[in-house]
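Q: Provided below for reference: sequence and predicted model.
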Amino acid sequence: MKLQDSVIAITGGGQGLGRAMAEYLAARGARLALIDLVPETLDEAVEACVRAGGEARAYLCNVAREEEVAKTFETIAHDFGQLNGLINNAGILRDGFLIKARDGKVERRMELSQWQAVIDVNLTGVFLCAREAATQMVQTGSQGVIINISSISRAGNMGQSNYSAAKAGVAALVPVWAKELARHGIRCMGIAPGFIETEMTASMKPEALEKMTAGIPLRRMGKPEEIASAAAFIFENDYLSGRIIEVDGALRL
Ligand SMILES: NC(=O)C1=CN([C@@H]2O[C@H](COP(=O)(O)OP(=O)(O)OC[C@H]3O[C@@H](n4cnc5c(N)ncnc54)[C@H](O)[C@@H]3O)[C@@H](O)[C@H]2O)C=CC1
Ligand SMILES: CC(C)c1ccc(C(=O)O)c(O)c1O
């Protein structure tokens with residue numbers, strides 16, 4: 001698929017990796033539909049895409065809400081007349097241990113609400129957006145690509161029952177959708193990032209950063225553009241489907 005003039009929706013497009021992917025793809029001629037909860041960052045991301053030389057529109061939507069997602073993808077298809085890509089990127093963290101106990105006494109447990117919040121956004125949100133995007137791709141006669149952003153945590157990371165389960169789930173959906181949607185000209189791929197530089201890591205103390213990077217074989221965190229270039233590679237290579245690309249500096253949790 002050529003990026004030039006392709007219409008690509010990115011969830012969580014207002015900041016972080018979503019915005020980095022949006023700017024990278026905009027600079028290569030893609031037309032972006034940016035989906036997020038936060039109007040301010042969404043508008044800034046749209047402006048950044050336009051500065052990068054592309055076209056972009058903002059869509060306020062909670063990916064965990066079925067009706068909002070359906071409406072958003074209908075509007076995107078109406079506004080652009082086609083849909084060629086979805087990057088399922090929106091995600092949240094609500095870390096905590098399953099239980100914390102000392103001297104035989106359970107002091108803390110992961111709350112059901114803590115579990116459910118992450119499953120709702122990181123797993124159900126991915127399902128809802130993929131279903132609505134695939135519907136619009138078929139109905140507008142568009143060839144398309146769906147990319148699920150998983151994580152190195154899908155292998156099972158301590159303190160992340162909710163997040164690891166969701167990220168393993170979205171990785172498992174990649175071959176399912178690749179097989180089911182191939183007949184409609186839709187490919188599906190995943191990207192599993194390791195630790196990536198973000199605003200959050202930029203504000204960390206140097207000692208904490210050093211400790212974090214010491215365990216990474218390449219001895220540094222990834223850059224958002226390195227995730228964006230993996231996404232561009234997926235869009236442009238028409239024989240890629242059903243697989244996860246790991247962009248993690250060789251780290252295994
Ligand atoms: N930053 C990292 O090191 C890594 C990130 N990831 C994954 O990459 C993705 C992006 O991560 P970051 O850019 O670091 O996160 P971030 O927190 O900087 O950005 C996430 C964006 O998603 C939006 N969002 C959250 N809930 C939403 C909802 N219900 N509906 C619509 N938008 C929503 C937020 O408003 C925000 O703009 C996530 O799926 C994350 O799990 C995976 C591995 C490593
Ligand atoms: C534990 C993994 C590498 C990780 C780290 C940080 C974030 C984040 O800030 O969003 C993630 O989403 C992760 O998957």
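A: Done, it's in. Ligands and ions are numbered 1, 2, ... in the order given.
Q: so what's A33 up against?
A: Neighbouring residues of A33 by Cβ atoms under 8 Å, 6 or more residues apart in numbering: V7, I8, A9, I10, A56, R57, Y59, I76, D79, F80, L83. Glycine gets a C-beta too; all of them are placed from N, C-alpha and C.
Q: apologies, that question was intended for T72.
A: By Cβ under 8 Å, 6+ apart, the contact set of T72 is I35, Y59, C61, E132.
Q: what helix or strand is the second one located in?
A: Of the helices and strands defined by DSSP states H and E, Y59 is found in strand 55-60.
Q: shouldn't G13 be in contact with A22?
A: Yes: look at G13 against A22 with Cβ atoms under 8 Å: they come within range, at 5.1 Å.
Q: picking up where we left off before, in strands, which of the contacts of A33 fall?
A: V7, I8, A9, I10, A56, R57, Y59 (DSSP state E).
Q: out of those residues, grab the one that's most surrounded.
A: Neighbour counts for the ones in strands among the contacts of A33, by other Cβ atoms under 10 Å, peak at I10, which reaches 31 neighbours.
Q: which among the contacts of A33 gets closest to ligand 2?
A: Ligand 2 has its nearest neighbour among those in I10, at 15.5 Å by Cβ to the nearest ligand atom.
Q: quick one, what contacts that closest one?
A: Going by Cβ under 8 Å, 6+ apart, I10 touches G18, M21, A22, L32, A33, L34, I35, L86, I87, N89.
Q: again, only this time at 10 Å
A: Going by Cβ atoms under 10 Å, 6 or more residues apart in numbering, I10 touches 17-22, 25, 30, 32-36, 45, 49, 56, 85-90, 147, 149, 231.
Q: follow-up on the earlier one: which of the contacts of T72 lies closest to ligand 2?
A: Proximity of the contacts of T72 to ligand 2 (Cβ to the nearest ligand atom) peaks at I35, which lies at 17.3 Å.
Q: about what we covered before: common neighbours of G13 and A22, please.
A: Contacts common to G13 and A22, judged by Cβ under 10 Å, 6+ apart, are L32, A33, L34, A45, V46, C49, A56, I87, N89.
Q: contacts for the host helix or strand of A48?
A: In this structure, A48 sits in helix 39-51 according to DSSP H and E. Contact with helix 39-51 is made by 10, 12-16, 18-20, 22-27, 30-36, 38, 54-61, as judged by Cβ under 10 Å, 6+ apart.
Q: gap between the two ends of stretch 183-203?
A: End-to-end span of stretch 183-203 (Cα to Cα, to the nearest Å): 46 Å.
Q: can you tell if it touches ligand 2?
A: Yes: for stretch 183-203, a contact with ligand 2 is found by Cβ under 6 Å from any ligand atom, at G194, F195, T198, M200.
Q: once you drop chain neighbours, what's closest to the third one?
A: This points to T198. Spatial nearest neighbour of T198, excluding adjacent residues (Cβ to Cβ, 6 or more residues apart in numbering): G16 at 5.2 Å.
Q: run a quick neighbour tally on the nearest residue to G96 once chain neighbours are set aside.
A: Nearest in space to G96, with sequence neighbours left out and distances taken as Cβ to Cβ, 6+ apart, is M110 at 4.8 Å. M110 has 19 neighbouring residues, counting by other Cβ under 10 Å.
Q: kindly list the main-chain dihedrals of M110?
A: phi -70, psi 130 (degrees, to the nearest 10).
Q: just the strands in the stretch 151-253 of the chain please.
A: 186-193, 244-247 (DSSP state E, counting those that start in this stretch).
Q: spell out which residues of this protein are next to ligand 2.
A: Where the chain comes near ligand 2, counting by Cβ under 6 Å from any ligand atom, the residues are G91, L93, S151, I152, S153, N157, G194, F195, T198, M200.
Q: hmm, try it at 8 Å
A: Contact residues, the chain versus ligand 2 (Cβ under 8 Å from any ligand atom): 16, 91, 93, 151-153, 157, 160, 163, 167, 193-196, 198, 200-201, 248, 251, 253.
Q: list buried residues within those residues.
A: With burial judged by 16 or more other Cβ atoms under 10 Å, the buried subset of the residues of the chain next to ligand 2 is 16, 91, 151-153, 160, 163, 167, 193-196, 248, 251.
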